[in-house]
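1. no sequence on this one, just coordinates:
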């Protein structure tokens with residue numbers, strides 16, 4: 001596996017990014033075209049890759065090389081093992097189980113597994129988090145085909161891991177100023193939004209740190225705004241029509257949230273509109 005320094009705590013870091021495989025692949029491709037997409041990462045003092053995501057990164061040599069390049073350039077990229085998440089929650093493992101459960105809300109087979117093999121009527125009777133989370137990954141109930149790397153694909157494992165980590169930071173690190181997930185996978189977006197909604201009952205006395213996103217289109221949007229990309233060359237970097245969620249100020253100054261399939265012609269119009277901000 002790619003060698004990335006592991007950490008077990010995130011204290012005193014105010015600006016945090018979580019990297020998903022899809023964003024790393026996209027930024028790697030932009031780098032190969034002569035751009036500097038890594039500039040979008042300059043505002044963070046901690047960039048985390050969960051170990052489950054790191055396993056996915058290792059399926060492609062190009063991704064491995066690009067992550068090494070980022071580290072050599074001085075970007076504060078670290079790996080964090082899912083088994084270490086208990087350290088991030090002051091060992092409040094009953095709450096951590098609820099975070100995992102909320103993060104898998106839309107995955108019925110994972111939730112059934114947790115209910116059957118992990119959950120106990122009395123939370124004090126549950127196994128240590130480190131033990132059951134490792135077994136969950138080993139026995140992942142929705143594994144799929146064998147990849148060319150020889151690894152069995154564990155469907156949604158990376159998205160779930162990022163969602164869990166984002167919720168931990170959001171609820172347990174209130175001094176965090178920015179918390180941004182870099183991912184093109186809409187499952188991650190949906191998992192996190194649903195998890196936050198469900199956890200508001202558990203953490204009724206707290207206010208979560210808002211979670212923001214940088215999808216591939218949000219990265220392109222920023223690079224065009226910073227004049228690293230000419231809008232006239234957009235077709236070189238954006239090959240497919242993609243669904244985008246964005247906010248826009250109307251004539252009456254009310255803000256609307258729009259989700260629609262966006263081609264490059266519309267994308268160019270959105271970039272030119274100062275009232276538009278891409279959410280995902």
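-> Good, I have the coordinates. Because the structure is a prediction, the values reported are computed rather than measured. Residues are numbered from 1 along each chain as shown.
2. can we go C-alpha only for contacts and neighbour counts from here?
-> Fine.
3. Grab the nearest non-local neighbour of residue 203.
-> residue 171 (7.7 Å; CA to CA, 6 or more residues apart in numbering).
4. contacting residues around that neighbour?
-> Neighbouring residues of residue 171 by CA atoms under 8 Å, 6 or more residues apart in numbering: 203, 206, 207, 208, 209.
5. any idea which helix or strand of this structure has the worst average confidence?
-> Ranked by mean pLDDT, DSSP states H and E, the weakest helix or strand in the chain is strand 143-146, scoring a mean of 67.
6. Listing partners with orientation, what would you give for the next helix or strand after it?
-> For strand 143-146, the succeeding helix or strand toward the C-terminus, using DSSP states H and E, is strand 152-154. Strand pairing for strand 152-154, determined by DSSP bridges: strand 143-146 (antiparallel).
7. Export the contacts of residue 171 to a markdown table and append columns for distance to residue 51, secondary structure and neighbour count.
-> Formatted as a markdown table, those follow (distance: CA to CA, whole Å; DSSP: H, G, I helix; E, B strand; the rest coil; neighbours: other CA atoms under 10 Å):
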| residue | distance to residue 51 | secondary structure | neighbour count |
| --- | --- | --- | --- |
| 203 | 26 | coil | 14 |
| 206 | 28 | coil | 13 |
| 207 | 27 | coil | 12 |
| 208 | 24 | coil | 20 |
| 209 | 23 | coil | 20 |
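8. Can you pull out the residues in contact with stretch 20-28?
-> For stretch 20-28, the surrounding residues in contact (CA under 8 Å, 6+ apart) are 37-38, 49, 53-54, 56-57, 62-63, 66-67, 158-159, 162, 181-185, 215-216.
9. Now do the residue most central in space within the chain against residue 23, distance only.
-> What sits nearest the mean C-alpha location of the chain, by CA atoms, centre = their mean, is residue 181, with 3.9 Å. As for residue 181, its distance to residue 23 is 10 Å (criterion: CA to CA, to the nearest Å).
10. can you pull the contacts of the residue of the chain positioned farthest from its centre?
-> The outermost residue of the chain relative to its centre, with distances by CA atoms, centre = their mean, is residue 252 at 34.2 Å. If you count contacts by CA under 8 Å, 6+ apart, residue 252 has none.
11. what's the helix or strand for it?
-> Secondary structure (DSSP H and E) places residue 252 outside all helices and strands.
12. hey, where'd the helices end up in the stretch 51-200 of the chain?
-> 51-57, 61-72, 85-88, 93-103, 108-117, 129-138, 157-172, 186-202 (DSSP state H, counting those that start in this stretch).
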